[in-house]
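J.: coordinates only, sequence not included:
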């Protein structure tokens with residue numbers, strides 16, 4: 001899947017506020033690279049190189065706070081990670097560190113630079 005196609009999907013499926021929250025997560029929550037599970041074109045789970053972003057850090061952008069953030073993330077995951085928090089280009093993990101300190105959002109490695117560029121605008 002090409003990066004421009006992914007950006008079109010994001011923009012067509014998410015509300016303006018959800019797009020902003022995703023951008024805030026990318027801009028303020030950059031964590032690093034890892035391997036993560038995604039869906040391939042056939043819908044099967046595969047492990048792929050990914051970049052992770054801490055969703056808790058999205059609040060640092062100052063656009064959203066409180067329960068609204070949780071509700072918007074839930075909506076984003078339903079739209080872009082619909083199969084048990086696993087999607088084609090975006091996946092999510094609750095409690096990544098196993099200590100209740102943070103949830104993580106992952107973007108496939110081959111398109112993360114393009115999505116970061118989109119988020120910076």
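T.: Happy to help now that I have it. A quick note: this is a predicted structure, and the numbers were derived from the prediction, not measured. Residues are numbered from 1 along each chain as shown.

J.: Direction included, what does the helix or strand where residue 106 lies pair up with?
T.: Assigned by DSSP states H and E, residue 106 falls within strand 104-108. Counting by DSSP bridges, the strands paired with strand 104-108 are strand 45-54 (antiparallel), strand 90-93 (antiparallel).

J.: tell me what whatever helix or strand comes next after the first one is packed against?
T.: Translated: strand 45-54. Following strand 45-54 in sequence order, the next helix or strand is helix 67-80 (DSSP H and E). When contacts are defined as 3 or more C-beta pairs under 8 Å, 6 or more residues apart in numbering; DSSP states H and E, helix 67-80 packs onto helix 3-13, helix 16-28, strand 90-93. Every C-beta, even on glycine, is put in place using the N, C-alpha and C of the backbone.

J.: Need those in JSON lines (columns: distance to residue 71).
T.: What follows is those, written out as JSON lines (distance: least, C-beta to C-beta, whole Å):
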{"stretch": "helix 3-13", "distance to residue 71": "16"}
{"stretch": "helix 16-28", "distance to residue 71": "10"}
{"stretch": "strand 90-93", "distance to residue 71": "15"}
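
J.: follow-up on the earlier one: can you pull the buried residues of the strand holding residue 106?
T.: Of the residues in strand 104-108, 104, 105, 106, 107, 108 count as buried by neighbour count, 16 or more other C-beta atoms under 10 Å.

J.: List the contacts of residue 119.
T.: Going by C-beta atoms under 8 Å, 6 or more residues apart in numbering, residue 119 touches 22, 23, 26, 27.

J.: Can you name the residues bridging to the most centrally placed residue in the chain?
T.: Centroid-nearest residue in the chain: residue 105, 4.1 Å away (criterion: C-alpha atoms, centre = their mean). For residue 105, the beta-bridge partners are residue 53, residue 92 (DSSP bridges).

J.: List of residues touching stretch 47-58?
T.: Outside stretch 47-58, the residues that touch it by C-beta under 8 Å, 6+ apart are 21, 24-26, 28-38, 64, 69, 73, 91-92, 96, 101-110, 112.

J.: Alright, I will stop here.
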